[in-house]
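Novice: just the structure for this:
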Amino acid sequence: MSEYVLKIAGREYRAEVAELTAERARILVNGEEYSVDLVEIGRSGSAATAAPRAPAASPPRSAGAPSPAPGPRPAAPPSGAGGVPAPLPGLVLEVKVKEGDVVSAGQPVVVMEAMKMENVVPAPHNGTVRRVFVANGDSVGEGDLLVEITRPEMTTL
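Specialist: Residues are numbered from 1 along each chain as shown. Presented below is the predicted three-dimensional model:
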């Protein structure tokens, strides 16, 4: 049907959409078949799931072999936990911070492109960037965690 070359965490995968319906897709990734449940973009609730349709024997890994690519990005943590989620699905154009940076509330941390428009994602509060989960060129879904910002230590008055 359709063939794609996907780059995830610096590693390339060949993907082919073998079958597509409104609810499911059958996708071959590097020759391994997956059955994927499709979830409407923007719908809150469970995320799309993918599971191998038929288990395949995996080749033995040598000691120096790289680990498999990571799975989906972490979902946004509960409100107030310091996570900055993607407000909508899109493409990361620029990550404006790095781990250890001190940021102020409202400061741009990521610039995304969504629906052919640039969207600036601001820091929700003052703090220090603890982790950056995305890089320039990454595609993200709504709610995917972009960065984590820890709040400054509270002081007594």
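Novice: hey, let's count contacts and neighbours off CA atoms from now on
Specialist: OK.
Novice: and the longest strand belonging to the chain, what's buried?
Specialist: Longest strand in the chain, counting residues (DSSP state E): strand 11-20. Buried residues in strand 11-20, defined by neighbour count with 16 or more other Cα atoms under 10 Å: 13, 15-17.
Novice: nearest to residue 101, of those?
Specialist: residue 13 (32.9 Å; Cα to Cα).
Novice: got a list of what the residue lying closest to the closest one once chain neighbours are set aside touches?
Specialist: Nearest residue to residue 13, sequence neighbours excluded (Cα to Cα, 6 or more residues apart in numbering): residue 6, at 5.1 Å. By Cα atoms under 8 Å, 6 or more residues apart in numbering, the residues touching residue 6 are 12-15.
Novice: so which elements touch the host helix or strand of residue 94?
Specialist: Using DSSP states H and E, residue 94 sits in strand 90-95. Counting contacts by 3 or more Cα pairs under 8 Å, 6 or more residues apart in numbering; DSSP states H and E, strand 90-95 packs against strand 108-114, strand 139-140.
Novice: and the closest residue to residue 95 other than its chain neighbours, how many neighbours?
Specialist: In space, and not counting its chain neighbours, residue 95 is closest to residue 110: 4.6 Å by Cα to Cα, 6+ apart. By the criterion of other Cα atoms under 10 Å, residue 110 has 24 neighbours.
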